[in-house]
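Asks: Here's my sequence, what's the structure:
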Amino acid sequence: MSGDVRPLDRPDGGHYDGVRIPGLVASDIDGTLLDPLEQLRPRTAAAVDRLGAAGVPFVLATGRSPRWVLPISALLGVTGPAVCVNGAVILDTGDGRIDRVHTLDPILLRDLGDAIQGLVPGCGLAVERIEGEGRADFVEEFRSGPGYLHPWSDSFFIRTSVAELFTRPAVRLMVRHDSLNSMEMVDAVTALLGDAVDVTFSTDLGLIDLMPAGVTKASGLAEVAADFGRTAEEVIAFGDMPNDLAMLSWAGHGVAMANAHPAVLAVADEVTASNAEDGVAKVLERWF
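Replies: The predicted structure follows:
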């Protein structure tokens, strides 16, 4: 990485002095890299392409599952590690191999399920399972208990009993309640469970993710950065929702989109334009 330092112009005329040319760029996908129509805008695609030409790794860091990360990687023409499922899975997008998986064990899952159902009556539970670490022929499945209604299509969920959800390790436990907002649910669950798990969300539609303790996009990105020989100070990261908070705080320069959740705007080092206005590209174009 170059040791050059360039000031970053701010909308108010000031500067972000001391921000080095990035040695690694990480970006969330939905609400950040993709526009509101879930399309990749040409200007943003071109900026990512120039990163590759400059030899700077570009890492997707998302709450998405591997099956929905591979098409975005292909669209960008980027291969290499991607941080999936909020840091629980590291995917090699070049050969489709699962490099690392962090899971909740069945005993913990059962205890979490019992506690959540007592705390949030009427909620629905679901799990995501990924098996086949180190292989490209990995198996990924979603299972949901009675009453679980996904905010988006749930056609890929296998309906089962609540008890069956807790019989095998899972990379995340999903909790849905269609009459609560996600922040209310996070606050209540965190107060009950403390640091037994990491609790986050990427939509305000009453859906939260319970992750293995210490597993966040930051922990996943730290693993990937170390593989590239990069430190946190060399990383610039982009995001828009609370599941990006840890990553933006960890990175040397954390950038929030203008459309970001208020909690993300509050911790970011910088706020760029929205995902409808090529906010990621407008920052990267300072160097590339």
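Asks: what residues are up against Ala61?
Replies: Neighbour list for Ala61: 26-28, 82-83, 87, 217, 220-221, 237, 239, 244, 247 [criterion: C-beta atoms under 8 Å, 6 or more residues apart in numbering]. Every C-beta, even on glycine, is put in place using the N, C-alpha and C of the backbone.
Asks: again, 7 Å this time
Replies: By C-beta atoms under 7 Å, 6 or more residues apart in numbering, Ala61 lies in contact with 26-28, 83, 217, 220-221, 247.
Asks: Over to Leu192?
Replies: Neighbouring residues of Leu192 by C-beta under 7 Å, 6+ apart: 115, 119.
Asks: Per-residue pLDDT of it, please?
Replies: Looking at Leu192, its pLDDT reads 94.
Asks: For the one helix or strand it maps to, list every residue counted as buried.
Replies: Remark: Leu192 resides in helix 182-193, with elements defined by DSSP states H and E. Judged by neighbour count (16 or more other C-beta atoms under 10 Å), helix 182-193 contains these buried residues: 182-183, 185-186, 188-190, 193.
Asks: Stretch 126-146 too?
Replies: For stretch 126-146, the neighbour count (16+ other C-beta under 10 Å) marks 126-130, 138, 140, 142-145 as buried.
Asks: now, among the residues you listed, which is nearest to Leu119?
Replies: Closest approach between the buried residues of stretch 126-146 and Leu119, by C-beta to C-beta: Gly145, at 15.7 Å.
Asks: which residues in the stretch 101-250 of the chain form strands?
Replies: Assigned by DSSP state E, counting those that start in this stretch, the stretch 101-250 of the chain shows strands spanning 124-131, 139-144, 157-159, 172-176, 197-200, 207-212, 235-239.
Asks: May I see these arranged in a markdown table, with distance to Ala225 as well?
Replies: As requested, these are arranged in a markdown table below (distance: least, C-beta to C-beta, whole Å):
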| stretch | distance to Ala225 |
| --- | --- |
| strand 124-131 | 22 |
| strand 139-144 | 25 |
| strand 157-159 | 33 |
| strand 172-176 | 22 |
| strand 197-200 | 19 |
| strand 207-212 | 19 |
| strand 235-239 | 6 |
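Asks: how about the contacts of Ala61, which pair is most distant?
Replies: Using C-beta to C-beta, those span at most 13.3 Å, a distance reached by Ser27 and Gly220.
Asks: domain parsing for the protein?
Replies: Listed by automatic domain parsing, the domain ranges of the chain are 24-101+216-284, 106-212.
Asks: Pick the most deeply packed of those domains.
Replies: A comparison of the domains of the chain by mean neighbour count, using mean count of other C-beta atoms under 10 Å, puts domain 24-101+216-284 on top with a mean of 21.
Asks: residue ranges with poor pLDDT in the stretch 151-288 of the chain?
Replies: For the stretch 151-288 of the chain, no stretch is flagged by pLDDT under 70.
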